[in-house]
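Engineer: sequence first, then the predicted structure, then my questions.
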Number of protein chains: 2
Amino acid sequence: MEVCITSLLRDKGFKVTPQRLAIYNMLSSTKSHPNAEMIFNELQAMYPTMSLATVYKTMEILKEIGLVQVLNAGEDSFRYDAVMTNHPHVRCTECGKVEDVYDINIDAFVSEVSQGTKYQIMGQQFYFHGICPTCQRKNSN
Amino acid sequence: MEVCITSLLRDKGFKVTPQRLAIYNMLSSTKSHPNAEMIFNELQAMYPTMSLATVYKTMEILKEIGLVQVLNAGEDSFRYDAVMTNHPHVRCTECGKVEDVYDINIDAFVSEVSQGTKYQIMGQQFYFHGICPTCQRKNSN
DNA sequence: ATACATGCAAAGACTTTGCAAATGT
DNA sequence: ACATTTGCAAAGTCTTTGCATGTAT
């Protein structure tokens, strides 16, 4: 796991730094799809000198070497996901959290669209929005 | 058509202004999914005093009264669409244009996901990215 | 007549960039 | 030793806001 990012970085001529490892480890051990500021805040305690700029620069590299994907769930900021399989996301419009949608096979839908357009399709993103179970309960009180 | 926006605005207590009509008419007669700046530039000739701030404020209102939807195709700016049906979009990563994906029935996929999550789903957005036919031809030269 | 809208400029949020000091190889 | 990276501050882009003037009802 960690050998993966280490060798991937080195293979592409990037240096292996504590900041880069910390950012990737944090991202790959959460399901919260954090944005840059959330990552920065989370790492403050352990890495007091970490800067937001380093988070952004690191995300750029991790995206480039194929270790993270960038999410755009209709917010003002980008979120990041270390899970590289294509899966839909759902965002709660009340509390703002973004979650994975599991157990859905998107392949049939993707290939249907791929064939319907004359584009050479490279990727896709599916976003749902609605109200999460927790917020539904809050609302009914 | 135009009676629609006129009465919708008035019904909700908004005033009917030349700027609002011009912005909506422009948007509903294009398939280019423009962002705020594109709309602003397009209207410069006919409405020289139009400001970008007015475009943003108007989009906020049009979204609120259900006349436009906001697209987030993985770019830095939001795009707007006066077509309110749910349909996928595809963005060319070379020339940046965003097009509709036609003749795709998303209902089965949407309801499959709706049932798979415990969210109360309010809407969804599907984005594909790839290379458009025009750019494919350019690349092969 | 009055409340709302416009348009300018300023502010705000998110992200990128430049550069000197620090670090990995 | 050398090239790359960090972290700060400044700049850049997109969007929102405040306010005086103008406009729709």
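Structural biologist: That came through fine.
Engineer: going forward, measure contacts and count neighbours with C-alpha atoms only.
Structural biologist: Fine.
Engineer: okay, the closest residue to A:Lys63 other than its chain neighbours and DNA strand C: tell me how far apart.
Structural biologist: Leaving aside its chain neighbours, A:Lys63 sits nearest to A:Gln69 (6.0 Å; criterion: C-alpha to C-alpha, 6 or more residues apart in numbering or on different chains). Going from A:Gln69 to DNA strand C by C-alpha to the nearest atom of the strand, to the nearest Å gives 13 Å.
Engineer: spell out which residues of chain A are next to DNA strand C.
Structural biologist: Counting by C-alpha under 7 Å from any atom of the strand, the residues of chain A close to DNA strand C are A:10, A:15-18, A:35-37, A:52-53, A:56-57, A:60, A:76-79.
Engineer: only whichever of those residues are buried, select them in ChimeraX.
Structural biologist: For the buried members of the residues of chain A next to DNA strand C, the matching ChimeraX selection, counting by 16 or more other C-alpha atoms under 10 Å in any protein chain shown, is:
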select /A:35,36,37,56,78,79
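Engineer: give me phi/psi at the residue nearest to A:Lys63?
Structural biologist: Dihedral pair for A:Gln69: phi -120, psi 150, per degrees, to the nearest 10.
Engineer: how many neighbouring residues does it have?
Structural biologist: If you count neighbours by other C-alpha atoms under 10 Å in any protein chain shown, A:Gln69 ends up with 18.
Engineer: give me the subset of the residues of chain A next to DNA strand C lying in helices.
Structural biologist: Among the residues of chain A next to DNA strand C, the residues falling in helices (DSSP state H) are A:10, A:18, A:36-37, A:52-53, A:56-57, A:60.
Engineer: of these, which is the nearest to B:Glu94?
Structural biologist: A:Glu60 (18.8 Å; C-alpha to C-alpha).
Engineer: and the spatially most central residue of chain A, how far from B:Glu75?
Structural biologist: Centroid-nearest residue in chain A, with C-alpha atoms, centre = their mean: A:Asp81, separated by 1.8 Å. As judged by C-alpha to C-alpha, to the nearest Å, A:Asp81 and B:Glu75 stand 17 Å apart.
Engineer: where does chain A have low pLDDT?
Structural biologist: Counting by pLDDT under 70, the ranges of chain A that qualify are A:1-3.
Engineer: for it, which residues are neighbours of DNA strand D?
Structural biologist: A:13-15, A:17-20, A:47, A:49-51, A:53-54, A:57-58.
Engineer: ok, now with 10 Å
Structural biologist: A:9-10, A:12-23, A:40, A:44, A:47-59, A:61, A:75-76 (C-alpha under 10 Å from any atom of the strand).
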